[in-house]
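> Provided below for reference: sequence and predicted model.
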Amino acid sequence: MLKTLSGSECRNRLLQALLTGRRHGGQPACSSTVSTYSDSGFPKPAVQRRMAARSLCTTHALCGKARVVPKKKVISEKKLTRYFVDYRRVKLVAGSGGRGVCSFHSEPRKEWGGPDGGNGGDGGNIIIKVDRLIKSLAQVVPVYKGEDGQSGGSKNCYGRNGSITYILVPIGTVVKEQGTMVADLAQNGQEYLAVFGGTGGKGNRFFLSNENRAPMTTAPAIPGQERSLQLELRTMAHAGLVGFPNAGKSSLLRAISNARPAVAAYPFTTLNPHVGIVKYRDHEQVAVADIPGIIRGAHLNRGLGFSFLRHIERCRFLLFVLDMSCPEPWTQLDHLCYELDQYEPGLSKRPQAVVANKMDLPEAQGNLEALRGRVAHRVIPVSALKGQNTEELILHLRELYDGYVQGDGAATRW
Ligand SMILES: Nc1nc2c(ncn2[C@@H]2O[C@H](COP(=O)(O)OP(=O)(O)OP(=O)(O)O)[C@@H](O)[C@H]2O)c(=O)[nH]1
Ligand SMILES: [Mg+2]
């Protein structure tokens, strides 16, 4: 039977419910069926890890900051590929010099005023310059033309020099010409003068001498230098996700970072690498690259070809992603290491971890212990789909990164 409550009675009941931590239905406000504390009173190890990851990382799905980020619009694979470009061929044509002029001064009662044709200005150089705010070569266009120098004029007017054209590139860009490295741009602000502008032509004033008081000669302008160069990013990301197609690499990148690569239940969903950034609370950032799937014979250009092995070469450490629902998942690891070593001997020996993915599937549970028994490296079981145990991966990623920064990476940190 419904009973009508007076205003003060209703307020008292609400206050009582808030103080006892109970809801209107009589249930405790924060009841939980599973205890997060062990018998000794400390949080269980899994809970400890989750707490550590929450306090360390801001891109993890459990983190409050990440939760409030509005859902991103799903972008097609074709559009996503434009975001990260790590290789470009460019044709550079420096500015040509301006024309020198042949002219004679003339004014009333001064018929033979002498030569006054000015020189042309020099053509503009093209410089490749490092800017730490630039993260990929996406904004680099195929052809650059430097500014031409201005032509000279009469009355001894000299032409203006063409201004310098800058091509801004990220830190770690390697400049190559016909496969040979010509510059390694590893520091912020570093410049490489790629092509010289042409010298301006000389006007007839330049040729005035005691022997020749009325020179008609001008020197021609020199065209700007031309070069075809290849720009390549040396380091693509700190960590690379390496695995067979459908292993769940893109799903994993989605789970640990704010990147949104396409995920689908068919092989070769990812056609180009995607880089996601795992952000930690101390403002440190670790770049993780989702690299398209590798198949057996990739080093012979099978599947999507060599180019992805080239991307792996440019990652400082590797995360091998295995599909644990497949029988004998350790064979995937052997095949992946074989392909990497065939491409570049020793590539599979980089600092690494093995990510045992799809642990939410029942057949995966049995494979985990067998995998741990056969693999010397650390095995991190996760479920990228459900976001389970990704905290352990994020913490390990940070350990690998700290090891890299303390080592040779300190000089080229970005
Ligand atoms: N059950 C389960 N399914 C998963 C998990 N991770 C990924 N998947 C599924 O596996 C399929 C492939 O996932 P992707 O993330 O696209 O795999 P990928 O390795 O990026 O594949 P490619 O881009 O083709 O190389 C999708 O249907 C995912 O939903 C997981 O942890 N558990
Ligand atoms: Mg993918």
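Cool, the structure landed. Residues are numbered from 1 along each chain as shown. Ligands and ions are numbered 1, 2, ... in the order given.
> neighbours around L229, how many?
Residues lying near L229 (other CB atoms under 10 Å) number 23. The way it works is simple: take the backbone N, C-alpha and C, and place the C-beta from them, glycine included.
> R227 now?
A count of neighbours around R227, defined by other CB under 10 Å, yields 16.
> tell me what the helix or strand where it lies is packed against?
Using DSSP states H and E, R227 falls within strand 226-233. Packing partners of strand 226-233 (3 or more CB pairs under 8 Å, 6 or more residues apart in numbering; DSSP states H and E): strand 87-93, strand 173-177, strand 191-195.
> tell me the mean pLDDT for the second one?
So the one you mean is strand 173-177. The predicted model assigns strand 173-177 a mean pLDDT of 94.
> CA atoms only: put it into PDB for me.
Provided in PDB are the C-alpha atoms of strand 173-177 (Å, rounded to 0.1, in the frame of the first residue of the first chain):
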ATOM      1  CA  THR A 173      64.500  12.200 -40.600                       C
ATOM      2  CA  VAL A 174      67.100  10.700 -42.900                       C
ATOM      3  CA  VAL A 175      67.700  12.300 -46.200                       C
ATOM      4  CA  LYS A 176      68.800  10.000 -49.000                       C
ATOM      5  CA  GLU A 177      69.900  10.500 -52.600                       C
END
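> now the strands for the stretch 101-250 of the chain?
126-130, 143-145, 165-169, 173-177, 180-185, 191-195, 226-233, 237-243 (DSSP state E, counting those that start in this stretch).
> which of these sits most buried?
Among those, ranked by average contacts under mean count of other CB atoms under 10 Å, first place goes to strand 237-243 (a mean of 27).
> which helices and strands sit right next to that one?
helix 249-256, strand 285-290, helix 307-313, strand 315-323, helix 330-343, helix 390-406.
> may I see the buried residues of the fourth one?
What it means is strand 315-323. By 16 or more other CB atoms under 10 Å, the buried positions in strand 315-323 come out as C315, R316, F317, L318, L319, F320, V321, L322, D323.
> report the beta-bridge partners for the first one.
Read it as C315. With DSSP bridges as the criterion, C315 is bridged to A237.
> mind checking pLDDT for it?
In this prediction, C315 carries a pLDDT score of 87.
> residues in contact with it?
Residues near C315 by CB atoms under 8 Å, 6 or more residues apart in numbering: T235, M236, A237, H238, A239, G240, A289, I291, R350.
> how about the nearest residue to the second one, chain neighbours excluded?
Excluding the flanking residues, the one nearest M236 by CB to CB, 6 or more residues apart in numbering is R314, at 4.2 Å.
> wait, doesn't that neighbour sit right on L233?
Yes: in terms of CB atoms under 8 Å, R314 counts as a neighbour of L233; the distance is 6.7 Å.
> and for these two, which residues touch both?
Both R314 and L233 are contacted by D86, under the criterion CB under 8 Å, 6+ apart.
> just the helices and strands packed on strand 237-243: most buried one?
Mean neighbours per residue, mean count of other CB under 10 Å, is largest over the helices and strands packed on strand 237-243 for helix 249-256, with a mean of 26.
> how far does it sit from the chain's center?
Relative to its chain's centre, helix 249-256 lies at 16 Å (CA atoms, centre = their mean, to the nearest Å).
> packing partners of that helix?
Counting contacts by 3+ CB pairs under 8 Å, 6+ apart, helix 249-256 packs against strand 237-243, strand 274-279, strand 285-290, strand 315-323, strand 352-357, helix 390-406.
> how near is the residue nearest to E177 when sequence neighbours are not counted to V175?
Of all residues not flanking E177 in the chain, L229 sits nearest, at 5.5 Å (CB to CB, 6+ apart). Note on L229: its distance to V175, by CB to CB, to the nearest Å, is 6 Å.
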